[in-house]
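# Got a predicted structure here, sequence first:
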Amino acid sequence: KEVPEFEEAAAAYHVALILRDKGMLADAERVLQEFAGMYRGMQDELYLEGVSTYVEVLCVRKLYTKAEMAGRKMIEEREKMFGRRHVGMIKSYLLLASIGASQRLYEEAEEHVSAALRLAKELFGADSKDAATCYHLLASCSYYSNRNSEAKPMLERALAIRMKLLGNDHPATLESKALQASMLVSEHRVGEAEVLMTNIFRSRLRSYGAEHHDTLETLGILADLLRKMRKEEDAEG
C-alpha cells in the first residue's frame, strides 16, 4: 500500500527529532536534508518545522553559513505561505539571531531578536514563553558585547518567566541558568557559579545521559570552573 506523502514526511521528521535528541547530530542533519529535498514546496507547517529543525542542527554543528542560507530561505517561504504575522515567524527570526550570535555578530543578532520580540508581544504578551526566549537572547548578546548592565535585567526577566512557565529543570530554564553562571564568573563569584553549574550538569545528565552534547558541554564548563577555583585558592594561600 502506498504511503501518503504527508505521513511519509511526518515519519521522516519524527526520526530526525529522535536522532537530534539523542545527540546524533550528523545523522539528524542527513535525515533533515533529505526531508527538505523530498518535500520542498509542500504547503504545510510540517515542512517548515522540518527546515527549522534542520537549521537548528546546522547551528549546533557550527555550520553557520549553511544554516544562515537555509534560515533566510525558510523565512521567505514562511512569509509567502502564512504572512509576516504568523507565529512561526518568531522562531524563524530567533534562529537567524542565534546564528548571528554564534558568529559574534551581535548587532545583527539583536535586530532579529527585536523583530521576534515585537511579534511575540503582539501575539502572546510580554511575559510569554516566546518573549522569554527573546529576553534571553538579548541578554546573551549584551553580555558577550561587554554590556553587563543591560544583560542582567534581561536575563533575570527571562529566567523568571521560564521558571514560572516551564519549571526549574526545563532545557530553556537551564540555558538561562548557564548564562547566569557565566555572568557570576565575570563578577568573580566563581564559587556561586560552580554550585549553579553543578546543578545544571546533574539536571542535564539525568535528562539526556552522559554522552549528549549538552551534558558534555556542561561538564567541560564545570571542569574549567573547578580549575579556576583551584588557581584562586592557590593564589590566596
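Happy to help now that I have it.
# can you pull out the strands in the protein?
Counting by DSSP state E, no segments of the chain form strands.
# so who does the residue nearest to the spatial centre of it touch?
Residue closest to the mean C-alpha point of the chain, counted by Cα atoms, centre = their mean, is residue 98 at 6.9 Å. Counting by Cβ atoms under 8 Å, 6 or more residues apart in numbering, residue 98 makes contact with 59, 109, 137. Yep, even glycine has a C-beta here, placed from its N, CA and C like the rest.
# Kindly report the same for residue 222.
Contacts here follow Cβ under 8 Å, 6+ apart; on that basis residue 222 touches 194, 197, 198, 201.
# Distance-wise, check the closest residue to residue 48 other than its chain neighbours relative to residue 87.
The shortest distance from residue 48 to any non-neighbouring residue, by Cβ to Cβ, 6 or more residues apart in numbering, is to residue 78 (5.4 Å). Going from residue 78 to residue 87 by Cβ to Cβ, to the nearest Å gives 10 Å.
# Between those two, which has more neighbouring residues?
Shown here are residue 78 and residue 87; by other Cβ atoms under 10 Å, residue 78 has more neighbours (21 against 13).
# Test my guess that the more buried one contacts residue 86.
Yes. In this structure, residue 78 is within contact of residue 86 by Cβ atoms under 8 Å, at 6.5 Å.
# Show me the helices in the chain, by range?
With DSSP state H as the criterion, the chain has helices at 5-21, 25-38, 45-60, 64-82, 88-102, 106-124, 129-144, 148-166, 171-186, 190-208, 213-236.
# which of these has the lowest average pLDDT?
When those are ranked by mean pLDDT, helix 213-236 comes last with a mean of 80.
# for that one, the distance to its chain's centre please.
In terms of Cα atoms, centre = their mean, to the nearest Å, the centre of helix 213-236 is found 23 Å from the chain centre.
# And for stretch 131-142?
Relative to its chain's centre, stretch 131-142 lies at 11 Å (Cα atoms, centre = their mean).
# same check, this time on stretch 206-220
Counting by Cα atoms, centre = their mean, stretch 206-220 is centred 15 Å from the centre of its parent chain.
# So what touches that stretch?
Stretch 206-220 has contacts (Cβ under 8 Å, 6+ apart) with 21-23, 25, 60, 169, 171, 178, 197, 200-201, 204-205.
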